[in-house]
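Trainee: just need the structure, nothing else, for what follows:
(chains A and B)
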Amino acid sequence: MGKRLDALMGRTKPIQANLDALFALPSAAITLQSAAGLTASGRAGVCYKPPTGQSFDDMQAEVMKLLAMEGGGTLSSSEDSYGYHWVVVENADAQALVTQVHLVNSSLSDAGWGPQLLCSVFGIGPAPEDADPADGPPAIIIPSTEYLVYLFKRGTFYPFVPDGKEHRSTDKEFKLKSLLANDLVIEQDLDRWFPLWDLPVG
Amino acid sequence: MSTARNIKSDRGLTIRMFTTGLLLVLLYGAVVGILIAVGISYVVVLVIAAALLFCQYWFSDKIALFGMGGHIVTPEQAPELHGVIDRLCALADMKKPRVAVADTDVPNAFATGRSPNNAVVCATAGLMRRLDEPELEAVLAHELSHVAHRDVAVMTIASFLGVVAGLVTRIMFWTGMMGGFGGNNRGGGNNNQGGDNAAMVEMMVLLVSVAVYAISFLLTRALSRYRELAADRSGALLTGQPSVLASALVKVTGEMSRIPTRDLRSAETFNAFYFTPALSSNNKNGGSGLSISSLFSTHPSLQTRLDQLAKIEAELGRPA
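Mentor: Take a look at the predicted model:
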């Protein structure tokens, strides 16, 4: 009944995302390393649909400035073939990387542009042979082979493992899902695990 | 914390939609009241109407796809289309509907289905050929808004009155023709007075049904126009690019005038479903709001839609 009333009256309650879920990533990284020999690749990206207008452009410039001041690392931005904007961060310090991604998301959201945010993507790659999980995540930047996608609107994660041009390795995705079920809030609705081909997060 | 920024809700549009809906409900009440007062087997009428309407609503996706020659496509068959819809649904936090393509060169798109869980969004080959990707995305955002707003359900319920009134009208014609309006075949021929009264009542019901049908038709059309404007608005806010939707509208409407009349006529019957009404040249919708054809139209005029989009563009550009 509530949903039908919403339809008649116009939906009034927008979904509240839970950005704090991002801070569960470092512990997820530990699980990944000890259980699967994978680690954060040091690369992450935030994807949003830039709306028209000078007001957004100005805010976007400010966010980029803030990011640069925040934790080091390399920043870049690009636009993908669907017209969505990516802010890509490379930072060997995994904790700082998560903080920077959180910063972009929260700045946009606080400025009222939350609806434009699509997702954030974190790269994962094979941990170096000699890395010891007890030492914590290795501070390196490596090419990503697998990804964790954070859906801003849902506050959930899902794994994405591209395999070649437009093919997904679904079994690896399910493996990641079961591995991380205890650390992260994984998206239960498989329909929402949409593919992100041509990720600028290398 | 505001997430929709300082986009004010469009009070006027909301009020107009609400008033139209309210008037339709009042007419509902009037018709049912009349039927009961006259003692017609309104049960029969309502049962038939309800059954028809229910079928129309329940199978709306299959009916629409069949009518427009659309077929469901998989992500492998139409990767870009699926990709655009994937992202729009993630942006809107809605369940992804099934995706279909219709093999006609008439550029258009529609959304159908009884609920967001059973929805289909269809784009024609003609649309995908003519629009560039941002414009296609804007049109799909408009269609997804229809799904999210449950417009199929809303318009079906709204048109219920028209269906009932139409049925009553027809039943009255049949019984009128069979029974004769002078009460000739009534039992007890010496009671002519009673016979005339019955005939008068029948005529009244007939006239009222016709009037109700006409009014409900106009109101339903008005509601359809407002829902279209609401979908334009939602779609534009979803992508944050009202001018791209405006450009798609202009392109599609412009293309319509160049399409051979024969193709358009076959598309016209399904206008209520479409993104832009498929109007052939001798049925062109006028520019201003009050012509007869605009009262009958399922969609607002191009200028009205462009004006609304321009307003949204200005609102988005305003500093916080």
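Trainee: please make it C-alpha for all contacts and neighbour counts, starting now.
Mentor: Fine.
Trainee: quick one: low-confidence ranges for the stretch 1-150 of chain B?
Mentor: B:1-10, B:24-25, B:28-29, B:31-33, B:35-42, B:45, B:49 (pLDDT under 70).
Trainee: can you show me the strands along it?
Mentor: Using DSSP state E, counting those that start in this stretch, the strands of the stretch 1-150 of chain B run over B:70-72, B:98-102, B:109-112, B:120-124.
Trainee: the last one versus strand B:98-102: what angle between them?
Mentor: An angle of 30 degrees separates the directions of strand B:120-124 and strand B:98-102 when computed by axes from the mean of the first three to the mean of the last three Cα atoms, to 10 degrees.
Trainee: and the lengthiest helix in chain B, anywhere near chain A?
Mentor: Criterion DSSP state H: the longest helix present in chain B is helix B:192-239. Yes - contact of helix B:192-239 with chain A (Cα under 8 Å from any Cα of the partner chain) involves B:238-239.
Trainee: also stretch B:147-165?
Mentor: Yes - interface with chain A: stretch B:147-165 contributes B:149-150 (Cα under 8 Å from any Cα).
Trainee: let me see the residues that make contact with that stretch.
Mentor: A:7, A:10, B:21, B:24, B:27-28, B:31, B:45-46, B:49-50, B:53, B:57, B:60, B:94, B:111-116, B:119, B:146, B:209-210, B:212-214, B:216-217, B:220, B:223-224, B:227, B:231 (Cα atoms under 8 Å, 6 or more residues apart in numbering or on different chains).
Trainee: can you say which of the strands of the stretch 1-150 of chain B is packed in most?
Mentor: strand B:109-112 (a mean of 28; mean count of other Cα atoms under 10 Å in any protein chain shown).
Trainee: so what's the residue count around residue A:35?
Mentor: 12 (other Cα atoms under 10 Å in any protein chain shown).
Trainee: and residue B:169, what's its pLDDT?
Mentor: pLDDT recorded at residue B:169 is 68.
Trainee: typo on my end, residue B:185
Mentor: At residue B:185, pLDDT is 46.
Trainee: got it, and residue A:153?
Mentor: pLDDT, read off for residue A:153, is 90.
Trainee: quick one: it and residue B:90 touch, right?
Mentor: Yes - the criterion here is Cα atoms under 8 Å, and residue A:153 meets it with residue B:90 at 7.3 Å.
Trainee: now the common contact residues for those two.
Mentor: Contact with both residue A:153 and residue B:90 is made by residues residue A:118, according to Cα under 8 Å, 6+ apart.
Trainee: for the closest residue to residue A:40 other than its chain neighbours, helix, strand, or coil?
Mentor: Spatially, and ignoring its direct neighbours in sequence, residue A:40 is nearest to residue A:124 (4.5 Å; Cα to Cα, 6 or more residues apart in numbering or on different chains). Secondary structure, DSSP: H, G, I helix; E, B strand; the rest coil: residue A:124 is strand.
Trainee: distance check, residue A:124 against residue A:161.
Mentor: Separation of residue A:124 from residue A:161 (Cα to Cα, to the nearest Å): 10 Å.
Trainee: the two: who's more crowded?
Mentor: Just comparing residue A:124 and residue A:161: by other Cα under 10 Å the higher neighbour count belongs to residue A:124, 25 against 22.
Trainee: report the contact partners of the more buried one.
Mentor: Contacts of residue A:124 by Cα under 8 Å, 6+ apart are A:38-42, A:143-148.
Trainee: redo that, cut-off 6 Å
Mentor: Taking Cα atoms under 6 Å, 6 or more residues apart in numbering or on different chains, we find residue A:124 in contact with A:39-41, A:144, A:146-147.
Trainee: give the contact list for the residue of the stretch 151-300 of chain B found nearest chain A.
Mentor: Closest to chain A within the stretch 151-300 of chain B is residue B:240: 4.1 Å, counting by Cα to the nearest Cα. Contacts here follow Cα under 6 Å, 6+ apart; on that basis residue B:240 touches A:51-52.
Trainee: what's next to the longest helix that chain A contains, contact-wise?
Mentor: The longest helix of chain A (DSSP H) is helix A:54-71. Residues from elsewhere that reach helix A:54-71 (Cα under 6 Å, 6+ apart): A:96, B:317, B:319.
Trainee: quick one: buried residues of it?
Mentor: A:56, A:59-60, A:63-64, A:67 (16 or more other Cα atoms under 10 Å in any protein chain shown).
Trainee: stretch B:295-313 now?
Mentor: B:295-302, B:305-306, B:308-309, B:312-313.
Trainee: among these, which are in helices?
Mentor: Short answer: the buried residues of stretch B:295-313 in helices (DSSP H) are B:295-296, B:302, B:305-306, B:308-309, B:312-313.
Trainee: tell me the two of those residues that are most distant?
Mentor: Pairwise distances across these (Cα to Cα) peak at 28.8 Å, for the pair B:296 and B:313.
Trainee: quick one: the helices in the stretch 51-200 of chain B?
Mentor: Using DSSP state H, counting those that start in this stretch, the helices of the stretch 51-200 of chain B run over B:60-68, B:79-92, B:125-130, B:133-148, B:151-179, B:192-239.
Trainee: what are the buried residues along the third one?
Mentor: Taking 16+ other Cα under 10 Å as the basis for neighbour counts, the residues of helix B:125-130 that come out buried are B:125-128, B:130.
Trainee: now that helix - C-alpha only, PDB.
Mentor: The C-alpha coordinates for helix B:125-130 follow below in PDB (Å, rounded to 0.1, in the frame of the first residue of the first chain):
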ATOM      1  CA  ALA B 125      15.300   0.500 -34.700                       C
ATOM      2  CA  GLY B 126      14.400   3.800 -36.200                       C
ATOM      3  CA  LEU B 127      15.100   5.600 -32.900                       C
ATOM      4  CA  MET B 128      18.500   4.000 -32.400                       C
ATOM      5  CA  ARG B 129      19.500   4.800 -35.900                       C
ATOM      6  CA  ARG B 130      18.700   8.500 -35.700                       C
END
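Trainee: fine by me, thanks again.
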